[in-house]
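# next comes the sequence, and after it the predicted model I'd like to discuss.
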Amino acid sequence: QVQLVQSGAEVKKPGSSVKVSCTASGDTFGSHSVNWVRQAPGQGLEWMGGIVPVFGTRSYAHQFRDRVTLTADEATGTAYMEMSSLKFEDTAIYFCARGGEWDLPRRPFDYWGQGTLVTVSS
Amino acid sequence: DIQMTQSPSSLSASVGDRVTITCRASQTIGTFLNWYQQKPGKAPNLLIYETSTLQSGVPSRFSGSGSGTDFTLTISGLQPDDFAIYYCQQSYSTLFTFGGGTRVE
């Protein structure tokens, strides 16, 4: 049974950066993608980007391309999402989610982390 | 990017009701349409993938249909545990996008 465990809540100042981790408990990610999804307070789900840790290949949603960097340590089964130049409106819960294997990229997100609340406040 | 539009944004229903939620894509996505359920304070949970395939463990009262641009999630016999927000997601393009959500209350 795959479990994705995310790092704890963060409070950051505007203009700073945050780095959130997502660890596959009990296993690595294999050849699956790891995706990041944002949910602002009271709002819907927004896909930010994804990475296939075993290959290091990445894709980003247009609106996050300039400020988000996805990385992964395949050996430890940990993926990271770093966002820079934080704004008040980046206050949200950030989820990681496992997607399909590298040769099945259209598969859904079947396992999700518990979410990490990032609060941007002065 | 492919835009996903869900309707309605919210609906009121009672236990035992048949509930239908629709999702429309801005371009054809074949059958690469997934549905998720989210409860307050929790991560989304995959219900249905590729339009109509139930994820393991999902009750058979949930069903999905459609193709191309128009899709439907149906709950046949709403149960107390089903009051939640439902999201569609297209995975035809790997620039994944979600619908805005439908709150079932």
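Yep, that arrived. Keep in mind the model is a prediction, meaning the values are calculated, not measured.
# quick one: the strands in the chain?
Using chain A here. Assigned by DSSP state E, chain A shows strands spanning A:3-6, A:10-12, A:18-25, A:32-39, A:46-52, A:57-60, A:68-73, A:78-83, A:92-101, A:111-112, A:116-120.
# chain B was what I was after
Taking DSSP E as the test, the strands found in chain B are B:4-7, B:10-11, B:18-25, B:33-38, B:45-49, B:53-54, B:62-67, B:70-76, B:85-90, B:97-98, B:102-104.
# picking that back up, so which of the strands of chain A is the most packed in?
Mean neighbour count (mean count of other C-beta atoms under 10 Å in any protein chain shown) peaks for strand A:32-39 among these, with a mean of 25. C-beta coordinates here come from the backbone N, C-alpha and C atoms, glycine included.
# what are the bridge partners for the residue nearest to A:Cys96 when sequence neighbours are not counted, then?
Sequence neighbours aside, A:Cys22 is the residue nearest to A:Cys96 in space, at 3.4 Å (criterion: C-beta to C-beta, 6 or more residues apart in numbering or on different chains). For A:Cys22, the beta-bridge partners under DSSP bridges are A:Gln6, A:Ala79.
# and chain A, which residues reach chain B?
For chain A, the contact set with chain B under C-beta under 8 Å from any C-beta of the partner chain comprises A:35, A:37, A:44-47, A:50, A:59, A:61-62, A:95, A:97, A:100, A:105-110, A:112-115.
# quick revisit: doesn't A:Phe29 make contact with the residue nearest to A:Cys96?
No. With contact defined as C-beta atoms under 8 Å, A:Cys22 and A:Phe29 do not form a contacting pair (9.2 Å).
# need the overlap of contacts for the two.
A:Ala79 (C-beta atoms under 8 Å, 6 or more residues apart in numbering or on different chains).
# show me the contacts for A:Thr28.
A:Thr28 touches A:53, A:74-77, counting by C-beta under 8 Å, 6+ apart.
# now these in JSON lines, with neighbour count and pLDDT?
Below are those laid out as JSON lines (neighbours: other C-beta atoms under 10 Å in any protein chain shown; pLDDT from 0 to 100):
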{"residue": "A:Pro53", "neighbour count": "25", "pLDDT": "91"}
{"residue": "A:Glu74", "neighbour count": "16", "pLDDT": "84"}
{"residue": "A:Ala75", "neighbour count": "8", "pLDDT": "83"}
{"residue": "A:Thr76", "neighbour count": "12", "pLDDT": "86"}
{"residue": "A:Gly77", "neighbour count": "20", "pLDDT": "89"}
